[in-house]
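**Student:** just coords:
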C-alpha cells in the first residue's frame, strides 16, 4: 500500500512482478533477501550454509507459495548463485 501511494505521488508506477519485463535476462524483479544476526557474525558462513541446506530440501514447496510469474524468472538460465 505504501509503495503504491509513494509512486503515485511521484507520477511513476511500481510492479511487484518477479520479472516485470519479458526477455532473455535474469528477471530480478521484486524479491527479498534476508539474514539473521548469526549470519553476520564470526562463523556466519556456516550458518548460511546450514540454512541453505535446510531450505534446499523444501525449495519447490517454497517456490509454489511465492505467487504468479516465478516460472518466468526461475528458468535456470540466469541464476546468480553458484
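**Tutor:** Arrived safely. Everything quoted here is computed from the prediction, not taken from an experiment.
**Student:** Go ahead and name everything in contact with the longest helix anywhere in the chain.
**Tutor:** Longest helix of the chain, by residue count under DSSP state H: helix 44-56. Helix 44-56 has contacts (CB atoms under 8 Å, 6 or more residues apart in numbering) with 35-36, 38-39, 62. To be clear about C-beta, it is placed using only N, CA and C from the backbone, and glycine gets the same treatment.
**Student:** Make TSV from the residues you listed and add neighbour count, secondary structure and pLDDT to it.
**Tutor:** Output for these, formatted as TSV (neighbours: other CB atoms under 10 Å; DSSP: H, G, I helix; E, B strand; the rest coil; pLDDT from 0 to 100):
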residue	neighbour count	secondary structure	pLDDT
35	11	coil	91
36	11	coil	94
38	14	helix	96
39	15	helix	96
62	10	helix	86
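**Student:** Farthest pair within those?
**Tutor:** 38 and 62 (20.8 Å; CB to CB).
**Student:** For residue 24, state which of the contacts of helix 44-56 is nearest.
**Tutor:** Residue 24 lies nearest to residue 62 out of the contacts of helix 44-56, by CB to CB, at 25.3 Å.
**Student:** Tell me how far the closest one lies from residue 1.
**Tutor:** Using CB to CB, to the nearest Å, residue 62 is found at 25 Å from residue 1.
**Student:** just residue 41 next, same as before
**Tutor:** For residue 41, the distance to residue 1 - CB to CB - is 35 Å.
**Student:** which of these two has more neighbours?
**Tutor:** residue 41 (9 against 5; other CB atoms under 10 Å).
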